[in-house]
Every structure is written in structure tokens, then in C-alpha cells.
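Enquirer: structure for this input, please:
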Amino acid sequence: GYYPVKTDLETKQNKRKDIIDLVIATIFSMPLLWTMFEHLGIKFIYVPKIFMNGYFQLVLATIVLFISGRRFFINTFYSIKNRSLGMDALVVLGTLSAYIFSIYETIFNNSENLFFETTAVIIWMVLIGNYFEHRIKEKTNITLTNLLSLGAKEAIIIKDGKETLVNIKDVKVGDIVLVKGYEKIPIDGKVIEGKTYVDESMFTGEAMPQLKDVNDFVIGSSMNILETIKIEVTKVGSQ
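Expert: Reported below is the predicted structural model:
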């Protein structure tokens with residue numbers, strides 16, 4: 001359930017690999033999928049005779065299974081090694097079963113009742129799902145990274161009656177922080193003096209500013225849009 005934060009280069013390479021695998025799977029799965037018209041007895045759609053040849057189907061299915069689908073075999077190997085089977089193991093089991101049975105039927109029975117298209121189409125459809133899943137994760141990572149970058153880098157703390165501008169990393173729980181109007185609240189805290197409105201839409205999605213009075217809590221990186229307030233720090237960045 002935990003994912004590393006990848007560099008831009010790694011992300012681009014993985015995206016390129018996803019696209020290449022998906023294109024290969026699409027090109028070589030389509031002729032196999034086309035044979036379904038013959039199996040279903042749909043006569044008005046022409047199916048080339050070579051598409052029904054078991055050895056021709058074997059070549060196409062092999063390319064999809066072991067080139068586009070190699071990731072599933074690699075992941076399954078490590079999942080077996082770690083004794084924690086996942087969805088990849090089911091994909092490998094399902095596709096290999098259809099693949100091996102179809103090879104047997106092709107060689108020993110010269111049958112056209114084959115399931116090579118099942119092997120290829122399962123790989124193809126799971127790759128489509130993986131592609132969209134990875135793109136969503138990529139966008140989520142970018143959004144979270146941008147959200148983190150919105151955090152304040154400095155804060156004004158009040159010590160011995162004096163205002164001192166310090167790095168946000170030097171602020172500790174219990175410090176008194178001064179937040180002026182139209183400035184970003186640098187850190188989580190509790191209002192101890194003043195009253196203002198705070199824009200928390202980046203966290204809550206609520207467009208209307210929220211009234212904050214003494215003893216109300218404010219969130220770091222939200223925007224103080226009215227009056228100057230003082231807050232007592234309740235949580236630092238690492239929390």
C-alpha cells in the first residue's frame with residue numbers, strides 16, 4: 001500500500017513503457033479478438049482464414065503474453081518469493097491456463113476451438129486498467145507535491161515581546177506566532193488573540209472563509225484574509 005515518490009525521469013520511462021506494452025498488446029490482440037466473430041457464427045463479418053490458424057494465433061498470443069505481459073510474470077515471481085500472492089498471480093494463472101490448453105489443442109488435435117484470444121485479451125484489458133491507474137497516481141503525486149510546496153517557509157514568532165522572523169523548521173510547539181492579514185498561516189495552531197476569517201478551501205473544499213476566534217484552531221498553509229492574529233503552535237511540520 002506504500003509507493004515511492006519517483007523522479008520525473010523514472011515517471012517518463014514508466015509511462016513510455018506502459019504505452020509501448022499497451023500498443024503491442026493492442027496490435028497483436030485485435031486479430032485474435034476478430035476470430036470471435038467466427039466462433040459466434042456471425043457470417044456477415046469477414047474473418048480471414050489465417051486468423052483461425054492455431055499456429056498463427058500461437059505466435060500472436062506469445063508476443064502479447066511474454067512481451068506486453070512480462071510485468072505480470074515478474075511481479076508474480078516476487079510475490080511467490082515473498083509468499084504474498086496478488087492479482088498478478090491470478091492474471092498469470094488465467095492466461096497461462098488458456099495458453100497451454102490452446103497449444104495442446106493446436107498440436108495434438110488440430111482444433112480451431114482455441115483460447116489464444118482469451119490469453120491476449122486478458123493481458124490487453126489489464127494493461128489498459130494499469131495505464132489509467134498509473135496516470136491517476138501520477139496526477140495525485142503531482143497534486144500532493146504542489147500542495148506541499150504551498151507551505152510557508154518562514155514565520156514571525158514573538159519572544160520576550162519582540163517579533164523575530166525565523167525559518168519554519170525552527171518553530172516549536174508552544175511558540176507564539178504572529179500572522180498578519182492577507183498572509184499565509186505558517187503552521188498549525190490555536191488562536192490566542194484576535195479574530196479573523198481564514199480561507200481553508202485548499203483543505204476542506206469550502207469556498208466561504210471560516211470565522212476564527214480565540215481558542216479556535218487554524219491549519220498551516222491556509223490563508224488569513226482579514227485581521228492580524230496570534231496563534232500558539234500546536235503541531236510542527238513533521239506532525
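Enquirer: and the residue minimising distance to the centre of the chain, what helix or strand is that in?
Expert: The residue lying closest to the centre of the chain (CA atoms, centre = their mean) is Lys137, at 1.7 Å. With secondary structure defined by DSSP states H and E, Lys137 is part of helix 116-149.
Enquirer: what does Phe77 give?
Expert: Residue-wise, Phe77 maps onto helix 70-81 under DSSP H and E.
Enquirer: show me what that helix is packed against.
Expert: Packing contacts for helix 70-81, counted by 3 or more CB pairs under 8 Å, 6 or more residues apart in numbering; DSSP states H and E, involve helix 87-108. Quick note: C-beta positions are derived from backbone N, CA and C, even for glycine.
Enquirer: now the angle from the helix holding Lys137 to helix 70-81?
Expert: Between helix 116-149 and helix 70-81, the angle comes out at 80 degrees (axes from the mean of the first three to the mean of the last three CA atoms, to 10 degrees).
Enquirer: same question for helix 116-149, mean pLDDT?
Expert: For helix 116-149, mean pLDDT is 86.
Enquirer: stretch 207-227 too?
Expert: The pLDDT scores in stretch 207-227 average 91.
Enquirer: how about it: buried residues?
Expert: Pro209, Gln210, Lys212, Val218, Ile219, Gly220, Ser221, Ser222, Met223, Asn224, Leu226 (16 or more other CB atoms under 10 Å).
Enquirer: for those, give me a markdown table that also has distance to Lys81.
Expert: Listed next are those as a markdown table, based on distance: CB to CB, whole Å:
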| residue | distance to Lys81 |
| --- | --- |
| Pro209 | 54 |
| Gln210 | 51 |
| Lys212 | 54 |
| Val218 | 49 |
| Ile219 | 44 |
| Gly220 | 43 |
| Ser221 | 42 |
| Ser222 | 46 |
| Met223 | 50 |
| Asn224 | 53 |
| Leu226 | 59 |
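Enquirer: ok, so of these, who is nearest Ile50?
Expert: Ser221 (62.5 Å; CB to CB).
Enquirer: that closest one: what secondary structure?
Expert: At Ser221, secondary structure determined by DSSP: H, G, I helix; E, B strand; the rest coil is coil.
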